[in-house]
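Provided below for reference: sequence and predicted model.
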Amino acid sequence: MASQSGEHLLRAAQMAEADRITIASGVPGHELMARAGSGVAAAARRMAAPGARILVICGTGNNGGDGYVAARLLQAEGRDVAVMAPLGPATTADAGRAAADWAHGRGAAVAIDADVAGYDLVIDALFGAGLNRPLDGAALDLARRLNASGRPVLAVDVPSGLNADSGQAMAASVRAAATVTFAARKPGQLLLPGRLLCGDVTCVDIGIAPETIARVAGGIFRNSPDLWQASFPAPSLEAHKYRRGHVLCGSGGPLSTGAIRLAARSALRVGAGLATVAAGLDACRAHAAHLTAIMIREAEGAGDFARLLDDARFNAVILGPAGGVGPELAARVEAAARRGRALVMDADAISSFAGAPERLAAVIAAGEGAPVVMTPHDGEFARLFGDVAGVMDVGAKYERAVAAARMTGAIVVLKGADTVIAAPDGRAAINDNAPPWLGTAGSGDVLSGLVGGLLAQGMPGFEAAAAAVWIHGAAAQAFGPGLISEDLPEQVPAVLRRLLRQGAQAGAAR
Ligand SMILES: NC(=O)C1=CN([C@@H]2O[C@H](COP(=O)(O)OP(=O)(O)OC[C@H]3O[C@@H](n4cnc5c(N)ncnc54)[C@H](O)[C@@H]3O)[C@@H](O)[C@H]2O)[C@@H](O)CC1
Ligand SMILES: Nc1ncnc2c1ncn2[C@@H]1O[C@H](COP(=O)(O)OP(=O)(O)O)[C@@H](O)[C@H]1O
Ligand SMILES: [K+]
């Protein structure tokens, strides 16, 4: 798994292991701390004008050590710096050394009840990855006062109180304007609410080798083109349209036809060779009034739909957008999986298996191994898994998604502002490029079409799902506020142009 390319995200324990391996290889811990502190000082310089008053709040561990280093560097260049040590003196050797270097010849630390609002910038070096229980006592009180002060905060590694693995605040957390982290980003910096509590995150190289990061990593990635560009389908001159796949899209009834049209159009825009909507006769009439490039086939019930699959050229199927919850839709899902078609299950297709994930797992297991990608939002996810132990009750969002993928055998795209893509083999990607205006009616239908269009072109399931989520976010960014879901497919060509250009450059560099 570590051989997969992409930006690794490290959990706190994995980061500590990377530190340990690096120190054992001969780089002293205080040298790592010196580089970390220097990265913090550089960020502080960007945030505070000359003459600004800077307060550095140092805890007792190595996070505090980074703070002492930054304080010393900033003061050495003439900055107005004060240190507060609310929990007492440093307790680790490296932090002790950094604290002593700071204290040498300087005044006493600021009292814990000092007015934090009197400073222009506060550097939060109270707790980092070592946080192992909720803030309480003096630390909790200080975090609350800091948040109430409205002063800009620069967090060292993570805002104090934030769980670096899950992105959840433990009781309470400092809210930072910016965060400087080391060696690799942490999942909790991308997951909500962590992403909001961190502000802008910068990752500083402190001399931990990329091979060490890959060695300790556990298959959690930031979703970016690095993760899937190698399998992204580049159009080729010798391919004809059938080589680029044919997506069969199952329609809802005559009054619910828009959702699947959005999906079909998105599948074409992302490069599928052909897309066909399958619908009952009345719905076909509604589609016929709208569709040009997309074809229409009549299919009255699940039996008709299954017969369409006798045509082997339909190599990918999208089911669910406004498809109508019930046994008929579940039967279409079964038919597509049994016939070994790459399948996207969205919305109503997921809800048609509500409370019966083991039945869905059996359907997928009986298939021919073609990828099944499901794209639930939180509500659909909860409906599908109900109170299944080991899925709904596990900690971080990516752990829930991975548990769901393992249990069902599907690639799971758990949507939201921090969409997670998870595979049954334990890989997970966290997406952070979606702007808030992407949450608009029908944008989920577009996503299912993007996934289906990439699957039809032969992209593997996890990569296709991750690429679709990223392109979806990039298209929304390209359009900007005011977006409605019809706008999204029209932004895809510009996103593809950029991607293919970058892919060609990366290929040339290899
Ligand atoms: N050599 C290394 O390991 C490096 C570590 N670095 C820094 O070190 C940090 C991790 O340092 P530590 O592992 O010393 O841990 P922290 O400095 O994050 O926390 C210190 C200690 O506080 C205690 N604690 C945890 N939760 C508490 C709570 N709610 N209330 C009171 N006490 C609590 C724990 O015993 C913990 O070990 C990283 O976030 C990073 O900033 C960097 O200096 C780079 C090198
Ligand atoms: N606040 C938000 N910021 C960014 N993206 C969001 C936000 N809320 C929702 N999204 C994205 O918008 C899409 C909405 O999908 P879905 O809930 O299925 O809506 P619909 O059923 O209307 O299509 C998902 O891709 C989701 O990740
Ligand atoms: K911190």
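That came through, no problem. All values derive from a computational prediction rather than experimental measurement. Numbering: from 1, shown residues only. Ligands and ions are numbered 1, 2, ... in the order given.

Which residues are in contact with the closest residue to residue 419 other than its chain neighbours?
Of all residues not flanking residue 419 in the chain, residue 431 sits nearest, at 4.4 Å (C-beta to C-beta, 6 or more residues apart in numbering). All C-beta atoms are positioned from the backbone trio N, CA, C, and that covers glycine. Residues near residue 431 by C-beta atoms under 8 Å, 6 or more residues apart in numbering: 190, 223, 418-421, 466, 469-470, 473.

go with 10 Å
190, 221-224, 413, 415-421, 466, 469-470, 472-473 (C-beta atoms under 10 Å, 6 or more residues apart in numbering).

Repeat that for residue 349.
250, 317-321, 323-325, 329-330, 332-333, 336, 343, 360, 374-376, 380, 448.

Quick one: distance of stretch 418-425 to the chain centre.
Distance of stretch 418-425 from the chain centroid (C-alpha atoms, centre = their mean, to the nearest Å) equals 9 Å.

Kindly apply the preceding question to stretch 228-246 instead.
26 Å.

Go through that stretch and flag the buried ones.
Of the residues in stretch 228-246, 228-229, 232-233, 244-246 count as buried by neighbour count, 16 or more other C-beta atoms under 10 Å.

Show me what residue of this structure gets nearest to ligand 2.
As assessed by C-beta to the nearest ligand atom, ligand 2 sits closest to residue 444 within the chain, at 2.1 Å.

host element of that residue?
Element membership of residue 444, judged by DSSP states H and E, is helix 443-456.

for that helix, the distance to its chain's centre please.
On C-alpha atoms, centre = their mean, the centre of helix 443-456 falls 18 Å from the chain's centre.

Where does the prediction get shaky in the stretch 401-510 of the chain?
Flagging of the stretch 401-510 of the chain using pLDDT under 70 yields the residue ranges 510.

Buried residues of whichever strand or helix holds residue 56, list them for me.
Using DSSP H and E, residue 56 sits in strand 53-58. Residues of strand 53-58 classed as buried: 54-58 (neighbour count, 16+ other C-beta under 10 Å).

which parts of the stretch 51-200 of the chain sit against ligand 3?
124, 128, 155-156, 160 (C-beta under 5 Å from the ion).

can you tell me which of these are up against ligand 1?
Filtering these for proximity to ligand 1 by C-beta under 6 Å from any ligand atom leaves 128, 156.

So which of the residues of the stretch 51-200 of the chain next to ligand 3 is the closest to residue 394?
residue 128 (24.1 Å; C-beta to C-beta).

burial count for the closest one?
For residue 128, the count of nearby residues is 29 (other C-beta atoms under 10 Å).

Wait, it touches residue 188, no?
No. Counting by C-beta atoms under 10 Å, residue 128 stays clear of residue 188, with 11.4 Å between them.

Phi and psi next, for whichever residue of the stretch 151-300 of the chain sits closest to ligand 1.
Closest contact between the stretch 151-300 of the chain and ligand 1, by C-beta to the nearest ligand atom, is at residue 157 (3.6 Å). Torsion angles at residue 157 (phi, psi; degrees, to the nearest 10) stand at phi 70, psi -60.

tally of neighbours for it?
Neighbours around residue 157, by other C-beta under 10 Å: 29.

Over to residue 5?
12.

Can I take it that it is in a strand?
No. Counting by DSSP: H, G, I helix; E, B strand; the rest coil, residue 5 is not found in a strand; it is coil.

orientation of the helix or strand bottoming out on mean pLDDT in the chain relative to helix 443-456 in degrees?
Lowest by mean pLDDT, DSSP states H and E among the helices and strands of the chain is helix 487-509, with a mean of 90. Relative orientation of helix 487-509 versus helix 443-456 (axes from the mean of the first three to the mean of the last three C-alpha atoms, to 10 degrees): 40 degrees.

Next, the buried residues of helix 487-509.
Neighbour count says helix 487-509 has 487-489, 491-492, 495-496, 499-500, 503 buried, by 16+ other C-beta under 10 Å.

Just the CA trace of it, in CSV.
The C-alpha coordinates for helix 487-509 follow below in CSV (Å, rounded to 0.1, in the frame of the first residue of the first chain):
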residue,chain,number,x,y,z
ASP,A,487,-23.1,24.4,-14.7
LEU,A,488,-20.8,21.7,-13.4
PRO,A,489,-20.6,19.5,-16.5
GLU,A,490,-19.8,22.6,-18.6
GLN,A,491,-16.8,23.3,-16.4
VAL,A,492,-15.3,19.8,-16.8
PRO,A,493,-13.5,20.4,-20.2
ALA,A,494,-11.4,23.2,-18.7
VAL,A,495,-10.5,21.1,-15.7
LEU,A,496,-9.6,18.2,-18.0
ARG,A,497,-7.4,20.4,-20.2
ARG,A,498,-5.4,21.4,-17.1
LEU,A,499,-5.2,17.8,-15.8
LEU,A,500,-4.1,16.4,-19.1
ARG,A,501,-1.5,19.1,-19.5
GLN,A,502,-0.1,18.4,-16.0
GLY,A,503,-0.2,14.7,-16.7
ALA,A,504,1.8,15.0,-19.9
GLN,A,505,4.4,17.2,-18.0
ALA,A,506,4.6,14.6,-15.2
GLY,A,507,4.9,11.8,-17.7
ALA,A,508,7.7,13.7,-19.5
ALA,A,509,9.5,14.3,-16.2
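
So is it next to ligand 2?
No. Using C-beta under 6 Å from any ligand atom, helix 487-509 stays clear of ligand 2, with a minimum separation of 9.8 Å.

And that helix, what does it pack against?
helix 225-228, helix 258-269, helix 443-456, helix 461-479 (3 or more C-beta pairs under 10 Å, 6 or more residues apart in numbering; DSSP states H and E).

in the sheet, who's paired with the spatially most central residue of the chain?
The centroid of the chain falls nearest to residue 430 when counting by C-alpha atoms, centre = their mean (1.8 Å). Under DSSP bridges, the beta-bridge partners of residue 430 are residue 222, residue 420.

Quick check: it vs residue 442, distance?
24 Å (C-beta to C-beta, to the nearest Å).
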